[in-house]
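> pasted the sequence and its predicted model underneath.
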Amino acid sequence: MLFQTTQEHEELRAKIRAFAEAEIKPVSMELDQTNTFPDEIVRKLGENGWMGIPYPKEYGGAGLDVISYAIAVEELSRVDGGVGVILSAHTSLGTYPIAAFGTEEQKRKYMVPLCKGEKLGAFGLTEENAGSDAGGTETTAVDKGDYYLLNGGKIFITNTPKADIYIVFAVTTPEIGTKGISAFIVEKGWEGFTPGEHYDKMGIRSSSTGPLTFNNVKVPKENLLGEEGQGFKIAMATLDGGRIGIASQALGIAQGAYEDALAYAKERVQFDNPIGVNQGISFKLADMATKLKAARMLNYSAAEMKENHLRYGKDAAMAKMYASDSALEICNDALQIFGGSGFLKGMHVEQAYRDAKITTIYEGTNEIMRVVISSYILGKIGKAHHEGSRREIRKPAPITGIRKGIIFRDGDAGAQVEALVDALKKDYDFSVTIPMDTPITQAARVVSAGRGVGERENMQLIERLARAAGAALGSSRPVAETLKYVPMDRYVGMSGQKFTGNLYIACGISGAKQHLKGIIEASTIVAINKDPNAPIFKNCDYGIVGDLNEVIPLLIDALGGEEDKKPAPPMVKIKRPKLPKPSPIGPKYVCLGCGYEYVPENGDPAAEIPAGTLFEDLPDGWTCPECSEPKSRFVQE
């Protein structure tokens, strides 16, 4: 066996490396600093025939093999990890499901423009409650005869909002778990389909990543991919191949960092010698080179197995896990070799260090990769369930906890506002006020603005509502950081200020997880948003679906206007109803080491053990989260 790529492979590598050095490297730092998607570079990738490398020429592809595709992602990532994942997500996630499961008509309609680079592809699987556990999908697609009606949302979708074609997964048959999920081809521009703005990420900043929102989107029947109920199968098969792409990305990022460190070790002189002669440095370089070689062999082996239609799921998981873990280690060592210089913005090794981390997270965390690998090794040992042991399917609680969830829909906007204010006045006195600049953490009430507020002048309406409600002014993170409508100390969220007071009124806030985790302790949450599918409505006590410019003026008047408010007395925290206790589904077990109680209804979220997992179904390697005692040291209560 000769573990060597072909001459054609290396010619392709040289061509793509030359392109990356000439077209990407000069602008990589700017793309990273400005969080900018490289439209022109992606267009040129298409012109060079690299957007459909492993697909047949009859569908617009290059007709090359999977190793060629891996080399392409690797060489782009060597210069810029973000550009590498644009190609990876487009090829492995956005195009593969159509190539593998699409009808001939679907292939002709969608694969041809995707492979030619005329359209960009993306893959919509991840949701707030469906990350590692894809079975938690909540987006729905209801059969309406001639079409499916798609509602819900996705998060962390690579190539959003730039992509044109999205593979979207939704529940078509509720209450049967993964067997009720189906896949659809959804086009950008369809009514009700809104790709969100891209996130401000730590790394791969030239790659756009954002949320998707579906509000009564009509998906033609012919855009069902595969058959109803095949969605989970399609997703898992797609991710197997996608992991080869992520391994290639990790490998390329690490290769670039290694080459930079090697060159620096030869030129940087200390104590009258290049630092590379120092054993501490030379051993690092030796380890880095070895890890690169091992990762490359693992990845190319998985790619070759896929090309030859062999079972490659385990090998792809191994390649992704090892390459990404190694990339973190290699980039860390590379930056260490550069010392203080490597810590500066503008240094490629600093960018590589940030880019490498995500490769251990997406397309299956490395913890999940180990689950996948071990399942191949162990088979179904210990997984059998007896008759009647099937567990109840439980919907996850809202991020902000159990809420009243009262959405006012009856009558016109005036009637809805009147009903809202009548409900609020049972708990709140709106004849009193606090200063609008009261710190968020000290405020009893806050009125916050999200992106839905629109233009800057609309903030005057939010300020008027804050005065009418006797509240401080707050915002979502984008309003403070991106739009700069308010100072940074006014934004509420997991990474911002935590609101622990009584009344929180969210205006035009969609309800991203980052924001919702900042208002968990609020006694009452009110949502006003024109999107009925915004996550905020699943996390509020009261809500109105409507236009801010219509609803807020009515609300200001209903609250008594902005004048003649008295200073509010010290806040008295209003208690929320206690969460209902889940009904028992199995016996509790107690740790003999520390007394920790394992409750099946709760599971162990920190160890990614879902709620509803019986003690006997816990993995053998599971340990007590308090004292790390093994499972064998637990006794039934």
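Alright, I've got the coordinates.

> now do C507 against Y542, distance only.
13 Å (Cβ to Cβ, to the nearest Å). C-beta coordinates here come from the backbone N, C-alpha and C atoms, glycine included.

> do you have the helices of the stretch 301-450 of the chain handy? List them.
Secondary structure of the stretch 301-450 of the chain (DSSP state H, counting those that start in this stretch): helices at 313-338, 348-357, 366-378, 413-424.

> in the last one, which residues are buried?
If you call a residue buried by 16 or more other Cβ atoms under 10 Å, then helix 413-424 has these buried ones: A413, Q416, V417, E418, A419, L420, V421, A423, L424.

> that helix: how far from the chain's middle?
Helix 413-424 sits 36 Å away from the centroid of its parent chain (Cα atoms, centre = their mean, to the nearest Å).

> likewise for the shortest one?
Put simply, helix 348-357 sits 19 Å off its chain's centre (Cα atoms, centre = their mean).

> for it, name the packing helices and strands.
If you count contacts as 3 or more Cβ pairs under 8 Å, 6 or more residues apart in numbering; DSSP states H and E, helix 348-357 packs onto helix 25-34, helix 81-88, helix 231-267, helix 313-338.

> angle of it against helix 25-34?
60 degrees (axes from the mean of the first three to the mean of the last three Cα atoms, to 10 degrees).

> helix 348-357 vs helix 313-338, what angle?
Going by the same axes, to 10 degrees, helix 348-357 makes 150 degrees with helix 313-338.

> okay, buried residues for helix 348-357 please.
Of all the residues in helix 348-357, those buried under the rule 16+ other Cβ under 10 Å are H348, V349, E350, Q351, A352, Y353, R354, D355, A356, K357.

> who has more neighbours out of C507 and Y542?
Between C507 and Y542, C507 has the larger neighbour count (other Cβ atoms under 10 Å), namely 26 against 23.

> roughly how far apart are the more buried one and G501?
Remark: distance between C507 and G501 (Cβ to Cβ) = 17 Å.

> for E197, same thing?
Distance from E197 to G501, counting by Cβ to Cβ: 29 Å.

> also R78?
In terms of Cβ to Cβ, R78 sits 50 Å off from G501.

> so the two - more neighbours on which side?
Neighbour count, other Cβ under 10 Å: between R78 and G501, R78 has more, with 28 against 24.

> between whichever strand or helix holds the more buried one and helix 231-267, how big is the angle?
Assigned by DSSP states H and E, R78 belongs to helix 66-79. On the basis of the same axes, to 10 degrees, helix 66-79 is oriented at 50 degrees to helix 231-267.

> could you shift the numbering so residue one becomes 180, and keep it that way?
Got it, the first residue is 180 from now on, which makes the last one we talked about helix 245-258.

> how far does helix 245-258 sit from its chain's centre?
23 Å.

> kindly export it (C-alpha atoms) in CSV.
In CSV, the C-alpha atoms belonging to helix 245-258 read as follows (Å, rounded to 0.1, in the frame of the first residue of the first chain):
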residue,chain,number,x,y,z
VAL,A,245,-13.8,13.1,-2.8
ILE,A,246,-10.0,13.5,-2.0
SER,A,247,-9.9,16.3,-4.6
TYR,A,248,-12.7,18.0,-2.7
ALA,A,249,-10.9,17.5,0.6
ILE,A,250,-7.7,19.0,-0.9
ALA,A,251,-9.6,22.1,-2.1
VAL,A,252,-11.1,22.8,1.4
GLU,A,253,-7.8,22.2,3.0
GLU,A,254,-5.9,24.6,0.7
LEU,A,255,-8.4,27.4,1.1
SER,A,256,-8.5,26.9,4.9
ARG,A,257,-4.7,27.1,5.0
VAL,A,258,-5.0,30.8,4.2
